Structure formats: structure tokens, C-alpha cells
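Asker: need coordinates for the below:
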Amino acid sequence: MKERIGHVHSRRELFAAACRYGVLGLLTAGAAGIFAKRRRLIRKGKCIGSGACTGCVILARCDLPRALSAKETMIGGDNVRE
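Answerer: Model prediction:
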């Protein structure tokens, strides 16, 4: 294990640390951007599930025509079995 007390960092270590934290910052900013875009689309009432309503987590509160059709199909499917 390296002893850090009195250790002088080389340019290589400085560059590696700068790259590491730069990439971490970019990943964090990208994830925050994707999260914000998803929230904005949900707030505007646009589909975020590419039309796959049956597996969507917000199907119960979605009012888009495709989601309403999927809800009717799911309810109708349960009544047909009885």
C-alpha cells in the first residue's frame, strides 16, 4: 500500500485523476439530463414507453389513447374468462 504522507503526485497520476473525475461528472450530468427529459415528457403527457403499455409503470394514471385502449383490453380480457 502506498504511503500518502509526503508523497509527491506525478503528472500521470494527476492526469488520471482529472480524467476519472471528468468522466464521472459527464456521466452524472448525462443521467440527470435523461431523468429531467423523462420527467418533462411525462408532465406533457407524451409516451415514454415506446408504445409498450402493458409493461409501463405509469399505465394506471396514463390518459393517452393507446394506454386507454390497453386498459380496456386488459379489463375485457379478464371478463371473457369468467
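
Asker: show me the domain layout of the chain.
Answerer: Listed domain ranges for the chain are 1-44, 46-82 (source: automatic domain parsing).

Asker: what are the phi and psi values for the most centrally placed residue in the chain?
Answerer: Closest residue to the average C-alpha location of the chain: Phe35 at 5.4 Å, with CA atoms, centre = their mean. The phi/psi pair for Phe35 (degrees, to the nearest 10) reads phi -60, psi -40.

Asker: just the pLDDT for Leu27.
Answerer: pLDDT recorded at Leu27 is 97.

Asker: should've said Gly49
Answerer: Per-residue confidence at Gly49 stands at 68 (pLDDT).

Asker: same thing with Leu14?
Answerer: 90.

Asker: against Val23, how distant is it?
Answerer: 15 Å (CB to CB, to the nearest Å). Just so you know, the C-beta spots here come from the backbone N, C-alpha and C atoms, and that holds for glycine as well.

Asker: same check, this time on Ala60
Answerer: Ala60 is 38 Å from Val23, by CB to CB.

Asker: which residues touch the residue nearest to Leu64 when sequence neighbours are not counted?
Answerer: Excluding the flanking residues, the one nearest Leu64 by CB to CB, 6 or more residues apart in numbering is Cys47, at 5.8 Å. Contact analysis of Cys47 by CB atoms under 8 Å, 6 or more residues apart in numbering lists Leu41, Cys62, Leu64, Arg66, Ala67.

Asker: now the first one. Its backbone dihedrals?
Answerer: Looking back up the chat, that one is Leu41. According to degrees, to the nearest 10, Leu41 has phi -70, psi -40.

Asker: contacts only, for the closest residue in space to it that isn't next to it in sequence.
Answerer: The shortest distance from Leu41 to any non-neighbouring residue, by CB to CB, 6+ apart, is to Ile48 (5.2 Å). Counting by CB under 8 Å, 6+ apart, Ile48 makes contact with Arg38, Leu41, Ile42, Cys56, Ile58.
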